[in-house]
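Chemist: generate coordinates for the sequence data below:
(one chain, ligands or ions: 2)
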Amino acid sequence: MSATRQAEEETVTPSAARSWVAVLGGIAAGAVTIGVAELLAGLMERFGWSGGIPSPVIAVGEAFIDRTPPWLKDFAVNKFGTNDKAVLLAGIGLVLFLLSCVIGLLLRRLPVVALVGFVVLLAVAMAAVLTRPGARPADLVPTLVGGLAGLWVLHRWRGLLSVGAGRREMTTERRQVLTWTVLSVIGGGLALAAGRAVSGSARAIQAARETFVAPRVQRPVQVPPVAPVGDVPGITPYIVPNGQFYRIDTALQVPQVEASGWSLKVTGMVDHEVEIDWKTLLSKPMQQAMITLMCVSNEVGGSLNGNAIWTGWPVRELLKLAGPKPGADMVLSTSVDGFTAGTPIGALTDGRNALLAVAMNGKALPVDHGYPVRMVVPGLYGYVSATKWITHLKVTTYAKDQGYWTPRGWSAMGPVKISSRIDVPHDGRSVAPGTDGTVPIAGVAWDQHTGVSGVQVRIDNGPWQSAQLGEQATVDAWRQWVLHWPATKGRHTATVRAVDAKGHVQISAEAAPAPNGSTGLHSVTFTVA
Ligand SMILES: Nc1nc2c(c(=O)[nH]1)N[C@H]1C(S)=C(S)[C@@H](COP(=O)(O)O)O[C@H]1N2
Ligand SMILES: [Mo]
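Modeler: Ligands and ions are numbered 1, 2, ... in the order given. Below you'll find the model as predicted:
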């Protein structure tokens, strides 16, 4: 058989060709569905017609996050850190692509099954959209219209698939199929991009943020000189710039909350319910505090923490207006996107700097970090205290209510545990000693709201040596430290431990982050050249 003959033979093998056509049909329908839905969702958000999350993709993603088992969430945070969201979106994209292919394949032999499958997927997406906080029936429109467009594409493809299989028709059909597929995928992609670009009132909010002037405070935080400890190259900056601050939350799409429409109400076990809006909040006497935020998911040596100067109104002042009833032991804070945190009422009223923060390092809160208002509480992990995009405080009890993470395998109480981290040398690196023959081993140590009184470093199996400490502006912030170690050539391991204000040494027993924070000592191995 000649080569040309063989090629021709393959071109007309009807069954293989048809499967291909069918799969392309599924992909085209998927692209059109998502494209149309995302474009409409973007427009709805842009013009404020949506209540919750009108995008079926984001709604399904967020519903998935809410149902993620603790081990998977742990794995994702540890493996991908702050990129976990991008990974989830990529995963959703892949699953949607595969489902589209399967629906396409089914379209050929089992069209009814294909249609039922498609409708079931739409129903799942609609259920996700309807169960997001703040959802309204109108939020279903993008999914419905996108779904109808997808059904129409599937219907057209059925027509293509049933065309007779003569050689000539095959060629025209093939051209038609390819044109349709390319148009659907490009059109869907452009619609998706356009929808995401116009969504939300992101631009208006950025403009409001930029013109926001952080309120004046009577006693601004005095930042102690960070030198010489803080000058060690590679050490975490004492105050982490907003753009570098770690971000952890359950929001696949960051809530866009306009300050002008924002309000916070206090309900539950109170003498009088109170509600304050943005203007009222800004008219209150504001305070500044340096507070190191800490995520409970942080592994030993991890970087899910950061120190910033926060400006805000003490939560205790707002609670005082409401008058908590005796017997209340918890305040459940809620954000616009439905996240909740249960904070001991004592931590909000005992005089520590628990703030309703409006500024971070002198600027409006970044949208990612809770604009316009979030809570910050010294000494507690973020999951039980640091509610971003906050809208509601309910004075209640631990017996009656629980925060978002509690039924998901995390403790109801989350005081920060003492810990320390080596920033330099990096694990696995090779370092050259300085002109004085020493290698700086440096990092940060924290025990929020208790304070760090010492940091000790051990090289290999040697004795614990005291590191030089940076200033401690407040017991609510971390402390930088450095040990200028007279280095010897070869491979070495350095281990660090912190000592708290009462002289207790950081525990070395290893514990995983769940259920209430990791323990163990951080060590790095490096080579001195
Ligand atoms: N609305 C909302 N607030 C939230 C969360 C969230 O998922 N949603 N996560 C909390 C957790 S677990 C942490 S560690 C901190 C992180 O704050 P950051 O992203 O500003 O660093 O926010 C807290 N506040
Ligand atoms: Mo966290």
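Chemist: the closest residue to ligand 2 within the chain - nearest residue in space that isn't next to it in sequence?
Modeler: Using CB to the ion, the closest approach of the chain to ligand 2 is made by Cys295 at 3.3 Å. Yep, even glycine has a C-beta here, placed from its N, CA and C like the rest. Of all residues not flanking Cys295 in the chain, Leu304 sits nearest, at 3.7 Å (CB to CB, 6 or more residues apart in numbering).
Chemist: tell me the contacts of the one you found?
Modeler: Leu304 makes contact with Val77, Gly81, Tyr246, Ile248, Met294, Cys295, Ser297, Asn298, according to CB atoms under 8 Å, 6 or more residues apart in numbering.
Chemist: least confident pick among the residues you listed?
Modeler: Least confident of those in the model: Gly81, at 73.
Chemist: so what's the residue count around it?
Modeler: 16 (other CB atoms under 10 Å).
Chemist: for my notes, confirm it occurs in a strand.
Modeler: No - going by DSSP: H, G, I helix; E, B strand; the rest coil, the assignment for Gly81 is helix, not a strand.
Chemist: just the element for Val499, please.
Modeler: For Val499, the element it lies in under DSSP states H and E is strand 490-500.
Chemist: list the buried ones in that strand?
Modeler: For strand 490-500, a neighbour-count test (16 or more other CB atoms under 10 Å) marks His492, Ala494, Thr495, Val496, Arg497, Ala498, Val499, Asp500 as buried.
Chemist: ok, which residues in this structure are in contact with ligand 1?
Modeler: With CB under 6 Å from any ligand atom as the criterion, the chain meets ligand 1 at residues 245-250, 293, 295, 335, 337, 339, 369, 382-383, 386-389.
Chemist: from Cys295, how far off is whichever residue of the stretch 251-400 of the chain sits closest to ligand 1?
Modeler: Nearest residue of the stretch 251-400 of the chain to ligand 1: Gly382, at 2.5 Å (CB to the nearest ligand atom). Look at Gly382 and Cys295: by CB to CB, to the nearest Å, they are 5 Å apart.
Chemist: tell me the helix or strand right after the worst-scoring helix or strand of the chain on mean pLDDT.
Modeler: Sorting the helices and strands of the chain by mean pLDDT, DSSP states H and E puts helix 3-11 at the bottom, at a mean of 44. Next helix or strand after helix 3-11 toward the C-terminus (DSSP H and E): helix 14-46.
Chemist: now do that next one: which elements does it pack against?
Modeler: For helix 14-46, the packing partners by 3 or more CB pairs under 8 Å, 6 or more residues apart in numbering; DSSP states H and E come out as helix 56-66, helix 84-109, helix 141-161, helix 167-198.
Chemist: that one vs helix 56-66, what angle?
Modeler: Note on geometry: by axes from the mean of the first three to the mean of the last three CA atoms, to 10 degrees, helix 14-46 and helix 56-66 are set 80 degrees apart in direction.
Chemist: show me what counts as buried in stretch 446-464.
Modeler: With burial defined by 16+ other CB under 10 Å, the residues of stretch 446-464 counted as buried are 446-459, 464.
Chemist: repeat that for stretch 501-514.
Modeler: Going by 16+ other CB under 10 Å, stretch 501-514 has these buried residues: Gln506, Pro513, Ala514.
Chemist: how about those in CSV, adding pLDDT and secondary structure?
Modeler: Converted to CSV, these look like this (pLDDT from 0 to 100; DSSP: H, G, I helix; E, B strand; the rest coil):
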residue, pLDDT, secondary structure
Gln506, 98, coil
Pro513, 93, coil
Ala514, 90, coil
